[in-house]
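In: With the input below, show me the fold.
(2 chains)
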There are 2 protein chains.
Amino acid sequence: MAGRTGRRPGNPDTREAILGSARTAFADKGYDGASIRTIATGAGVDPALVHHYFGTKDKLFLAAMNLPIDPGELIVKAADGDRAGVGERLVRMFLTVWDGPAGAAGVALLRSAMGSEWTVKLFREFVTTQIMRRLAARLPIDPAEAPVRVSLAASQMAGLAVVRYVLKVEPLASMPREVLVSAIGPTVQRYLLGRL
Amino acid sequence: MAGRTGRRPGNPDTREAILGSARTAFADKGYDGASIRTIATGAGVDPALVHHYFGTKDKLFLAAMNLPIDPGELIVKAADGDRAGVGERLVRMFLTVWDGPAGAAGVALLRSAMGSEWTVKLFREFVTTQIMRRLAARLPIDPAEAPVRVSLAASQMAGLAVVRYVLKVEPLASMPREVLVSAIGPTVQRYLLGRL
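Out: Predicted coordinates:
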């Protein structure tokens, strides 16, 4: 039925109950510890219904974060390609998304994420498992070094989002995208693949 | 009398009225546009009393932000010295303050700053005039390039604060200070004084 009408499947109350239970589980147990079974139990539904409504656990996490795009998917796309251009491609992709219609959702997410310890936990888990871990798996780097490298890159990306889109500090807030790609791309490149 | 008892000078209600008026004026008119006279009028007091309670406009801004330290002063100290070490000294100073007792106030400030458009304006004005402008004035760089360079450095510093202290993303949140100085110092150095 959902396919025919183009609407999301399921009863809206059930969907919301599942999303609420998923947020609690991801924040409290972490992505790896939160099973679909636990999330279903928390919402008082059958696990099969969770799969039916949301598909994979990754997709459920994305829905729980209210994000219009899948940052992990975009990051994987930017990571592929010639090795020397990874930093610039990541910064360009990041700016293209944030400069576009999804930017407002990004600002709202960052703001609410920083609002309380609970939302911080949920957001941190999302960033760690859905963005950083996927990026690390895609790069030709020593797995032992990957977490340090990817979290350094995250610090530059997070700061770019905060200064350009939340605080809107000039002149960075108005700088043309390609100027920022040239300035910040080499930083991300060095963090991910260069000498530290 | 204040000197004898060690307390801050003045009636607490008057102090609070001045600080409230200062926050409004700095957010609405900006640092340069907010005169002590306007702030005094907003609080219903004589301008001389504002000077008596808080000293300079810089010190009043600092009091209005509830900061236990003066970041502009620390940054100026870190900027002085050999040119090649500016980036590392700034990162080391930044981490030393945030890792110390003032860190909790920093987290609270960042969180509340991002909470609403009004607090964003106040915080942005503070960062721009009390930190970035003072740093720019201290560096041997073309004044025309200074705002771009300093705002790029701010993006890395802000991201470091968000990822390490607010979101506490690992492994960056637990990395030893000097490891971060070596990793991030060169980024700040390049933004401020290197080739972009």
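In: in chain A, what secondary structure element scores lowest on mean pLDDT?
Out: helix A:2-5 (a mean of 44; mean pLDDT, DSSP states H and E).
In: Mean confidence (pLDDT) on the helix or strand just after that helix, please.
Out: As assigned by DSSP states H and E, the chain's next helix or strand after helix A:2-5 is helix A:12-33. Helix A:12-33 shows a mean pLDDT of 94.
In: Stretch A:54-64 now?
Out: In the prediction, stretch A:54-64 has an average pLDDT of 94.
In: same thing with stretch A:180-196?
Out: 97.
In: Identify each buried residue in it, please.
Out: A:180-181, A:183-193 (16 or more other CB atoms under 10 Å in any protein chain shown). Using the backbone N, CA and C atoms, a C-beta is placed for each residue, glycine as well.
In: and A:R134, what element?
Out: helix A:133-138.
In: mind listing what's buried in that helix?
Out: Neighbour-count burial for helix A:133-138 [16+ other CB under 10 Å]: A:133-136, A:138.
In: Please name every helix or strand in contact with whichever strand or helix holds A:A48.
Out: Element membership for A:A48 (DSSP H and E) is helix A:47-54. Secondary-structure packing of helix A:47-54 (3 or more CB pairs under 8 Å, 6 or more residues apart in numbering or on different chains; DSSP states H and E): helix A:12-33, helix A:36-43, helix A:57-64.
In: Okay, A:S21 and chain B: tell me how far apart.
Out: 23 Å (CB to the nearest CB, to the nearest Å).
In: Contacts only, for that residue.
Out: A:39-43 (CB atoms under 8 Å, 6 or more residues apart in numbering or on different chains).
In: most neighbours, which of the residues you listed?
Out: Of all these, the highest neighbour tally under other CB atoms under 10 Å in any protein chain shown goes to A:I39, namely 27 neighbours.
In: so how many other residues sit close to A:S155?
Out: 28.
In: List the buried residues for whichever strand or helix holds it?
Out: Taking DSSP H and E as the definition, A:S155 sits inside helix A:146-161. With burial defined by 16+ other CB under 10 Å, the residues of helix A:146-161 counted as buried are A:146-161.
In: Which entries in those are shared with the contacts of chain B?
Out: A:147-148, A:151-152, A:154-160 (CB under 8 Å from any CB of the partner chain).
In: Excluding sequence neighbours, find me the nearest residue to the residue in chain A positioned nearest to chain B.
Out: Residue nearest to chain B within chain A (CB to the nearest CB): A:G159, separated by 2.3 Å. Using CB to CB, 6 or more residues apart in numbering or on different chains and skipping residues adjacent in sequence, the residue nearest A:G159 is B:G159, 2.3 Å away.
In: Make sure the one you found is actually in contact with A:A153.
Out: No: between B:G159 and A:A153 there is no contact under CB atoms under 8 Å: 9.7 Å.
In: quick one, what contacts the spatially most central residue of chain A?
Out: Chain A has A:P71 as the residue nearest its centroid, 4.5 Å off, counting by CA atoms, centre = their mean. Contacts for A:P71 (CB under 8 Å, 6+ apart) come out as A:97, A:130-131.
In: following the helix holding A:S155, which helix or strand comes up?
Out: Next in sequence after helix A:146-161, counting helices and strands by DSSP H and E, comes helix A:177-193.
In: Does chain B have contacts with that next one?
Out: Yes: counting by CB under 8 Å from any CB, chain B has neighbours in helix A:177-193: A:182-184, A:186-187, A:190-191.
In: which strands and helices sit next to that helix?
Out: Packed next to helix A:177-193, using 3+ CB pairs under 8 Å, 6+ apart, are helix A:86-99, helix A:146-161, helix B:146-161, helix B:177-193.
In: Could you provide the ones you listed in CSV, with additional columns for distance to B:L109?
Out: Converted to CSV, the helices and strands packed on helix A:177-193 look like this (distance: least, CB to CB, whole Å):
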stretch, distance to B:L109
helix A:86-99, 24
helix A:146-161, 16
helix B:146-161, 10
helix B:177-193, 21
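In: For A:L172, which of the ones you listed is the nearest?
Out: A:L172 lies closest to helix B:146-161 among these, at 3.8 Å (CB to CB).
In: now the angle from that closest one to helix A:177-193?
Out: Between helix B:146-161 and helix A:177-193, the angle comes out at 40 degrees (axes from the mean of the first three to the mean of the last three CA atoms, to 10 degrees).
In: which strands and helices sit next to helix B:146-161?
Out: helix A:146-161, helix A:177-193, helix B:86-99, helix B:133-138, helix B:177-193.
In: Redo the ones you listed as a markdown table? Include distance to B:S35.
Out: Shown next, in a markdown table, are those (distance: least, CB to CB, whole Å):
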| stretch | distance to B:S35 |
| --- | --- |
| helix A:146-161 | 33 |
| helix A:177-193 | 35 |
| helix B:86-99 | 30 |
| helix B:133-138 | 18 |
| helix B:177-193 | 32 |
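In: circling back to that earlier point, could you dump the contacts of A:P71 to CSV with pLDDT and distance to chain B?
Out: CSV is the format used below for the contacts of A:P71 (pLDDT from 0 to 100; distance: CB to the nearest CB, whole Å):
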residue, pLDDT, distance to chain B
A:V97, 95, 17
A:Q130, 93, 13
A:I131, 94, 10
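In: So which of those is the closest to B:W118?
Out: Nearest to B:W118 out of these is A:V97 (CB to CB; 26.9 Å).
In: Spit out the contact partners of the closest one.
Out: Here A:V97 is in contact with A:69, A:71, A:74, A:103, A:106 (CB under 8 Å, 6+ apart).
In: Need the buried ones from these selected in ChimeraX.
Out: Applying 16+ other CB under 10 Å to the contacts of A:V97 leaves a buried subset, and the ChimeraX line that selects it is:
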select /A:71,74,103,106
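In: Pick out the most distant pair among the contacts of A:V97.
Out: Largest pairwise distance in the contacts of A:V97, by CB to CB, is 13.5 Å, between A:L74 and A:G103.
In: So what's the predicted local confidence for A:R8?
Out: Reported pLDDT for A:R8: 65.
In: mind listing what A:A102 touches?
Out: A:67-69.
In: now swap in A:G106 and tell me
Out: A:97-98, A:161, A:165.
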